[in-house]
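Engineer: my questions are about this predicted structure, shown below with the sequence.
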Amino acid sequence: MSAMTRSIESSVLIVGGGPVGLTLAMDLASRGIAVTVTEIRESGELPSVKCNQVSARSMEIYRRLGIAKTIRQAGLPQDHPHDVACRISATGRELSRIVLPSPAGRDRAEQGDDTWWPTPEPTHRINQTYLEPVLFAHATEQPRIRILNRTEFKEFSQDDRGVVGIARDLDSGERISISCQYLVGCDGARSAVRHCMGAELSGIPVVQRVQSTYFRAPALKSLLPGRPAWMYLAFNPRRCGTMMSIDGKETWLIHNFLYNGEPEFDSIDRDWAIRSILGVGPEFEYEVISKEDWIGRRLVAERFQNGRVFICGDAAHLWIPHAGYGMNAGIADADNLGWMLAAVLNGWAEPAMLSAYQAERQPITDQVSKFAFKMSQDNSKQRREIPAEIEQDNPAGEAARAAIGKQARDLYIQQQCCGGLNFGYFYEGSPIIAYDGAPHPEYSMGQFTSTSIPGCRAPHVWLRDGQSLYDAVGSDFGLLRFDPSVQVDGLVAAAEMSRFPLRVLDIADSDARALYARKLVLVRPDRHVAWRADAEPDDPRELIDHLRGARPVGASSIV
């Protein structure tokens, strides 16, 4: 006899309750949308120790959702520096250092290698085991979010009217039918949603194998010389690796990057590698909590949408998880898709708007995956070329240490202070951005140019009253006016006619006016510039229709 079927209705079904799925759920709920999340883990079951930091752009999203402060209070102790120390071994001689203040240090305005960034929310180093419970707790408090734990998504069917997702309760075996308007797969690398929608991953399936170990060693902290760090990079002729402090006290995660001639995770003795990276002898005691071995890849899905079904995060793109780019790119996916889905469901945008999700996010993920791939290649090359004299106390040793230290700092500061990846990327070729012909500025991992060119991230400034520009804009569209004499009545009226959510902000700040370079700049809910000019367009209604996906494809560009 077949199991009973339970039926549920929801505006949006999200498959996967990790950071990406929970962020999307919270964003949609904040915009008035009812959401159901299916997650195979038990309620409160912790994830593995994967991602170790939340990017500035992700923290800006969490600021808007009201949980940035709670996230900053979690993870490492408040006064634990977030530095990256390059050493011969974790306990050995220091070669160079990237200085990144602790949360308390940032509150005290301590300076570091990323403190010049134009953001209200700098990067926060926190392991996913501390981040996810904060997100889960906040999500469960939202009345519009229903989370079905111990529930496995199986398949979906869709038509012009909606989607039906089929799931199974892992404890009772009960079949659950979930009717929704839209379905989003945030269900990771082996995404069932991606498989069901017929999307294929393409790229490089194996870039790097990493023998990764989560361990407890209460005595280790006292053996680490000098100012504490969050990450330790070990460079010695025996073994190179990376160690991260998880709780700031006794738990650590260590990555042993396997070389090309080491094809299996057990090609190298794990204990020997850990001791070589730590720089400790056989008498040192530690306890393995779990083995977290992983494969770095560079794979991007051919498409992110099939009708009413979408994929975000690892379901859509997989790459080497340098600096948490994987999780943070997934959070950016969620931020991009969330406001668009809400716009359509709330009735002020046309469903055609949703094609912008793939048009905007897919090229970015492909670009970032290439940055991460090149970084991995550069890091691998350095790790294979550590000279024996680096450990010698003579002029040759001194020269080797200086060279390796500088090389390591130059490589890793791009990765750990990746301003370009946070603030430099732009959307080109989007059907819902009004471009003005200005070329988008180049960006690298570390470098970027703040600009109001449509498609770019709206430059962040602190307003004269001390408020963040982003806080002043809020969760909807913000029309920034840098000259109060410029008329905006036509735009306001056109927006009201379409129920297009628009807030006009007058900004009397000469520095901000110079940075934005136009008298009127329209900023989207995801902080990207949608349009700019020195005066209202001749047909404001046409512009508003363009931005809400209501203009026919191929219509003339709006300037």
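Structural biologist: The structure has been received and is ready for your questions. Residues are numbered from 1 along each chain as shown.
Engineer: and the residue nearest to A315 when sequence neighbours are not counted, how far is that from M197?
Structural biologist: In space, A315 comes closest to S191 once its chain neighbours are excluded; the distance is 3.5 Å by Cβ to Cβ, 6 or more residues apart in numbering. Yep, even glycine has a C-beta here, placed from its N, CA and C like the rest. As for S191, its distance to M197 is 9 Å (criterion: Cβ to Cβ, to the nearest Å).
Engineer: who touches both of those two?
Structural biologist: Residues touching both S191 and M197 (Cβ atoms under 8 Å, 6 or more residues apart in numbering): 185, 311.
Engineer: hmm, back to that, what sits against the residue nearest to A315?
Structural biologist: 15-16, 185, 311, 314-315.
Engineer: among those residues, which two are most distant?
Structural biologist: The span of the contacts of S191, defined through Cβ to Cβ, is set by V15 and D314 at 12.2 Å.
Engineer: more crowded one of the two?
Structural biologist: V15 (31 against 27; other Cβ atoms under 10 Å).
Engineer: contact partners for the more buried one?
Structural biologist: 21, 37-38, 153, 165, 183-187, 191-193.
Engineer: contacts only, for the spatially closest residue to G66 that is not a sequence neighbour.
Structural biologist: In space, and not counting its chain neighbours, G66 is closest to H138: 7.8 Å by Cβ to Cβ, 6+ apart. H138 is in contact with 26, 65-67, 70, counting by Cβ under 8 Å, 6+ apart.
Engineer: buried ones among those residues?
Structural biologist: 26, 65, 67 (16 or more other Cβ atoms under 10 Å).
Engineer: list just the nearest of those to D333.
Structural biologist: When the buried ones among the contacts of H138 are compared against D333 (criterion: Cβ to Cβ), the nearest one is M26, at 14.1 Å.
Engineer: A139 is in contact with the closest one, correct?
Structural biologist: Yes - contact criterion Cβ atoms under 8 Å: M26 and A139 qualify, at 5.6 Å.
Engineer: what do the two both touch?
Structural biologist: With Cβ under 8 Å, 6+ apart, M26 and A139 have common neighbours I145.
Engineer: so where is the stretch 201-350 of the chain shaky, pLDDT-wise?
Structural biologist: Within the stretch 201-350 of the chain, the segments meeting pLDDT under 70 span 320-324.
Engineer: and the strands in it?
Structural biologist: Per DSSP state E, counting those that start in this stretch, the stretch 201-350 of the chain carries strands over the ranges 201-216, 231-234, 241-245, 251-257, 287-291, 294-301, 305-306, 309-311, 317-319.
Engineer: so for the protein, the centremost residue is which one?
Structural biologist: N328 (1.1 Å; Cα atoms, centre = their mean).
Engineer: list the contacts of that residue.
Structural biologist: Taking Cβ under 8 Å, 6+ apart, one finds 51, 53-55, 57-58 in contact with N328.
Engineer: burial count for W117?
Structural biologist: Around W117 there are 17 residues (other Cβ under 10 Å).
Engineer: isn't it right next to G419, touching?
Structural biologist: Yes - here W117 reaches G419: they are 5.9 Å apart, a contact under Cβ under 8 Å.
Engineer: dump the strands of the stretch 201-350 of the chain into a markdown table; add distance to I98 as well.
Structural biologist: Shown next, in a markdown table, are these (distance: least, Cβ to Cβ, whole Å):
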| stretch | distance to I98 |
| --- | --- |
| strand 201-216 | 21 |
| strand 231-234 | 9 |
| strand 241-245 | 13 |
| strand 251-257 | 17 |
| strand 287-291 | 27 |
| strand 294-301 | 22 |
| strand 305-306 | 38 |
| strand 309-311 | 34 |
| strand 317-319 | 22 |
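Engineer: closest one to I432 among those strands?
Structural biologist: Judging these by Cβ to Cβ, what sits closest to I432 is strand 305-306, at 14.3 Å.
Engineer: name the strands paired with the closest one and say parallel or antiparallel.
Structural biologist: Strand 305-306 sits in its sheet next to strand 309-311 (antiparallel), going by DSSP bridges.
Engineer: can you list the strands of the stretch 201-350 of the chain in TSV and add distance to G437 and mean neighbour count?
Structural biologist: Output for the strands of the stretch 201-350 of the chain, formatted as TSV (distance: least, Cβ to Cβ, whole Å; neighbours: other Cβ atoms under 10 Å):
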stretch	distance to G437	mean neighbour count
strand 201-216	32	18
strand 231-234	43	26
strand 241-245	44	25
strand 251-257	45	23
strand 287-291	53	13
strand 294-301	29	20
strand 305-306	28	20
strand 309-311	31	28
strand 317-319	30	26
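Engineer: among these, which is nearest D79?
Structural biologist: Of these, nearest to D79 by Cβ to Cβ is strand 241-245, at 13.0 Å.
Engineer: thinking again about what came up before, quick one: the residue nearest to the centre of the chain from A408, how far?
Structural biologist: 23 Å.
Engineer: list the contacts for K291?
Structural biologist: Counted by Cβ under 8 Å, 6+ apart, K291 has contacts 212-214, 270.
Engineer: so how far is A356 from it?
Structural biologist: 41 Å.
Engineer: now S30
Structural biologist: S30 is 20 Å from A356, by Cβ to Cβ.
Engineer: can you check H317 too?
Structural biologist: Remark: distance between H317 and A356 (Cβ to Cβ) = 17 Å.
Engineer: neighbours around the nearest residue to Q128 once chain neighbours are set aside, how many?
Structural biologist: Distances taken as Cβ to Cβ, 6+ apart place C51 nearest to Q128, at 4.6 Å, with adjacent residues excluded. If you count neighbours by other Cβ under 10 Å, C51 ends up with 24.
Engineer: quick one: C51 and A329 touch, right?
Structural biologist: No - between C51 and A329 there is no contact under Cβ under 8 Å: 10.9 Å.
Engineer: phi, psi of A90?
Structural biologist: A90 has phi and psi values of phi -60, psi -40 when expressed as degrees, to the nearest 10.
Engineer: contacting residues around it?
Structural biologist: Contacts for A90 were tallied using Cβ under 8 Å, 6+ apart; they are 220, 224, 232, 234, 243, 277-279.
Engineer: let's see 7 Å
Structural biologist: For A90, the contact set (Cβ atoms under 7 Å, 6 or more residues apart in numbering) comprises 224, 232, 234, 243, 277-279.
Engineer: so can I have CSV of those residues showing distance to E391?
Structural biologist: Converted to CSV, those look like this (distance: Cβ to Cβ, whole Å):
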residue, distance to E391
L224, 18
Y232, 17
A234, 12
M243, 19
I277, 14
L278, 15
G279, 10
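Engineer: which among those gets closest to A472?
Structural biologist: Y232 (40.4 Å).
Engineer: ok so, going back, and the furthest pair within the contacts of N328?
Structural biologist: Farthest pair in the contacts of N328, by Cβ to Cβ: C51 and R57, 14.2 Å.
Engineer: about what we covered before: now a PyMOL select for only the buried ones of the contacts of V15.
Structural biologist: Provided next is the PyMOL selection string for whichever of the contacts of V15 are buried by 16+ other Cβ under 10 Å:
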select buried, resi 21+37+38+153+165+183+184+185+186+187+191+192+193
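Engineer: next step: the contacts of V15 restricted to helices.
Structural biologist: Residues from those lying in helices, with DSSP state H as the criterion: 21, 192-193.
Engineer: show me which of the residues you listed is closest to P501.
Structural biologist: Out of the ones in helices among the contacts of V15, the member with the shortest distance to P501 (by Cβ to Cβ) is G21, at 24.8 Å.
Engineer: name the nearest residue to R150, ignoring sequence neighbours.
Structural biologist: Nearest non-adjacent residue to R150, counting by Cβ to Cβ, 6+ apart: L170, 4.5 Å away.
Engineer: and F482, how far from W272?
Structural biologist: Distance from F482 to W272, counting by Cβ to Cβ: 62 Å.
Engineer: out of those two, which sits in the busier spot?
Structural biologist: F482 (23 against 13).
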